[in-house]
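Q: no FASTA, just this:
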């Protein structure tokens, strides 16, 4: 099954480390400028998911949400969460560690798009 969001092995190491320190995590991909467009990592429940946000998927146990307007722009793209050295200018949990998450992407193939159309997104507040 094709996933809408995945993480690189390096990002998974940091997600596991942050989970050990903070408990279950949640990510939110907004559409701000500069670091505001980076995926933000929070302890679950520390960030209020908006009514117009959608659940894109999960990376391990960490749920991943995206602003609905951003989803419309990226719906043909698999989000690949990666990590690089350097401090971002956000409240994301990894920032004090001297790294920051970033989003890379790749276009879905026609076959993957057909598969994805069979599994629609759910609003963030859906069970």
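A: Everything's here; your move. The structure presented is a predicted model; accordingly, all values stated were derived computationally and were not measured.
Q: Show the subsequent helix or strand relative to the top helix by length along the chain.
A: The residue-count maximum for a helix in the chain (DSSP state H) belongs to helix 9-22. The helix or strand immediately downstream of helix 9-22 is strand 25-29, counting by DSSP states H and E.
Q: what sits up against that next one?
A: Residues outside strand 25-29 that contact it (Cβ atoms under 8 Å, 6 or more residues apart in numbering): 15, 18-19, 39-47, 49, 53, 56, 59, 61-67, 70, 79, 81, 93, 101, 103. Using the backbone N, CA and C atoms, a C-beta is placed for each residue, glycine as well.
Q: Take the residues you listed and keep only those in strands.
A: Under the assignment DSSP state E, the contacts of strand 25-29 contribute 39-43, 53, 56, 59, 62-67, 79, 81, 101, 103 to strands.
Q: Quick one: buried ones out of these?
A: Neighbour counting by 16 or more other Cβ atoms under 10 Å classes 39-42, 53, 56, 59, 62-67, 79, 81, 101, 103 among the ones in strands among the contacts of strand 25-29 as buried.
Q: what distance separates stretch 81-90 from the centre of its chain?
A: 13 Å (Cα atoms, centre = their mean, to the nearest Å).
Q: Now residue 116. Nearest residue, chain neighbours left out?
A: residue 2 (6.3 Å; Cβ to Cβ, 6 or more residues apart in numbering).
Q: In which helix or strand does that neighbour reside?
A: Going by DSSP H and E, residue 2 is not in any helix or strand.
Q: Kindly report the same for the one 4 residues further on.
A: Element membership of residue 6 [criterion: DSSP H and E] is strand 5-7.
Q: pLDDT averaged over that strand - what is it?
A: Mean pLDDT, strand 5-7: 97.
Q: That strand pairs with which strands, parallel or anti?
A: strand 77-85 (parallel) (DSSP bridges).
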